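In: return atomic coordinates for the entry below.
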Amino acid sequence: MSSSKDTLLLFSTRIARLFAYGSVSVILVLYLTQVGLSEAQIGLLLTFTLVGDTAISLWLTTNADRVGRKKMLIVGAGLMIFAGILFGLTNNIVLLFIAATIGVISPSGSEVGPFLSIEQAALSQSIPNEKRTGVFAWYNLVGFFATALGSLISGGLTQTLQSSGMPPLESYRIIVFIYAGVGALLIALFTFLSSAVEAVPSTNNVKTTLGLHQSRNIVFKLSALFALDSFAGGFIVQSMMAYWFFVRFNVSPALLGGIFFGANILSGISSLAAARIAARFGLINTMVWTHIPSNILLIFVPLMPNLPLAIFVLLIRHTISQMDVPTRQSYTMAVVSPDERSAAAGVTGVARTIGAAVSPMITGLIITNPTLLGVPFFLAGGLKIVYDLSLYFQFRSLKE
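Out: From the prediction side, this is the model:
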């Protein structure tokens, strides 16, 4: 009984959290420009966001099994509140950088903080192995739908507020405070989790590194590849892509919300389809051979001559872009020992955050030159293809 209640709660916290991430990612860069930051400063701040998240998440996830998963999830939610309130209350660049570094805020609309790793470990110990990919697919699906809804409501609300006479800065600030409010909701939800989500005490006395023992080398290899993938993705985080549409085609906040609503809905559907494809072709094949064409389409987005075609190519890309997510998560859980799952999810998750931390700063420098607006798309797509091929040749023979 407690297992099903905990699963429902973890799906609920995923929905609330991704709604908040989606809502803030649409307006974050626009908000920071209104505050007075330059493109280069914004790129640096987004990098600080991810660097701070790396350090905090590494400590929280690698200690969650010892200190308590529930406690660490509550701490993460508290850091969301801290970031949202400080972002909303100040225009001071120093305080904004402190909030970005210490707090938890998502510039991409996707997971940051310790939540995903800890929740994956909790879910994995309560479901049969053969159902893991399917459960992770649904877990990702509800997240994408929540991100989509957050993007849509955020864009529509800010557009409505601005149309009624509210200054853009204040309309964006309301979204930031809503983000902090969701952090408070998460704390309330996490308090209802039962002791069943906690790690089973290990009787294994072997020496560990970051909670890993016999699977250490595999996890470190996967982490390096996942870091490359995230480094590539960091060039076109959702907030930066929203800014690209705004500058390139003068897109309104409401339309931006609609674009990313559609993109995240399609991403969610592609995530769900991944389970069926993986059951037939395998996890690695699904990860690689759906990801490569999606990255080719990403490269094509800035080459489109008008807004409808750019939106069309982006949406087509999202019909296949996220099939690697539940398969990647399930593969990581499959190739490590059960008592290493929390650590493996945490280490690979932190590696992804480290990879994504540097590229927004580079994007910020690139887009200061309007003629180079499309370059981040080319860098992201090309490097992701390198990641896909490297993953295939290194892990195609390893068990799933």
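
In: roughly how far apart are Gly382 and Leu193?
Out: Applying Cβ to Cβ, to the nearest Å, the value for Gly382 to Leu193 is 42 Å. Every residue, glycine included, has its C-beta placed from N, CA and C.

In: in terms of neighbours, single out the busier of these two.
Out: Leu193 (21 against 15; other Cβ atoms under 10 Å).

In: state the pLDDT value of the more buried one.
Out: As predicted, Leu193 sits at a pLDDT of 92.

In: ok, the closest residue to it other than its chain neighbours - contacts?
Out: Leaving aside its sequence neighbours, Leu193 sits nearest to Lys70 (Cβ to Cβ, 6 or more residues apart in numbering; 4.9 Å). Contact analysis of Lys70 by Cβ atoms under 8 Å, 6 or more residues apart in numbering lists Phe190, Thr191, Leu193, Val197, Glu198.

In: buried subset of these?
Out: Neighbour counting by 16 or more other Cβ atoms under 10 Å classes Phe190, Leu193, Val197, Glu198 among the contacts of Lys70 as buried.

In: the residues you listed in helices, which ones?
Out: Of the buried ones among the contacts of Lys70, the ones assigned to helices by DSSP state H are Phe190.

In: these two touch, right, Ile265 and Ala146?
Out: No. In terms of Cβ atoms under 8 Å, Ile265 does not count as a neighbour of Ala146; the distance is 10.6 Å.

In: tell me where the stretch 1-150 of the chain has strands.
Out: Along the stretch 1-150 of the chain, no stretch is classed among the strands by DSSP state E, counting those that start in this stretch.

In: show me where pLDDT drops low in it?
Out: Within the stretch 1-150 of the chain, the stretches with pLDDT under 70 are 1-2.

In: one more: the stretch 201-350 of the chain?
Out: Using pLDDT under 70, the stretch 201-350 of the chain drops low at 201-208, 211.

In: mind listing the helices for it?
Out: Counting by DSSP state H, counting those that start in this stretch, one finds helices in the stretch 201-350 of the chain at the ranges 216-233, 238-249, 253-281, 283-300, 307-318, 324-334, 341-366.

In: against Ser124, how distant is the residue nearest to Leu193?
Out: Using Cβ to Cβ, Lys70 is found at 16 Å from Ser124.

In: next one: Ile105
Out: 27 Å.

In: do the same with Arg248
Out: 42 Å.

In: go ahead and flag the most central residue of this structure.
Out: For the chain, the residue nearest the mean C-alpha position is Ser110 (2.3 Å; Cα atoms, centre = their mean).

In: residue contacts, that one?
Out: So Ser110 contacts Tyr21, Thr147, Gln238 (Cβ under 8 Å, 6+ apart).

In: run the last query once more with 7 Å
Out: Shown in contact with Ser110 (Cβ atoms under 7 Å, 6 or more residues apart in numbering): Tyr21.

In: Arg248 and Ser124: which is more packed in?
Out: More neighbours surround Ser124 than the other of Arg248 and Ser124, with 21 against 16 (other Cβ under 10 Å).

In: any idea how far the more buried one lies from Asn217?
Out: 21 Å.

In: for Leu50, same thing?
Out: Per Cβ to Cβ, Leu50 is found 26 Å from Asn217.

In: out of those two, which sits in the more crowded spot?
Out: Neighbour comparison, Leu50 and Asn217: the larger count goes to Leu50, with 29 against 9 (by other Cβ under 10 Å).

In: how many neighbours does the nearest residue to the more buried one once chain neighbours are set aside have?
Out: Excluding the flanking residues, the one nearest Leu50 by Cβ to Cβ, 6+ apart is Ala357, at 3.6 Å. By other Cβ under 10 Å, 22 other residues sit near Ala357.
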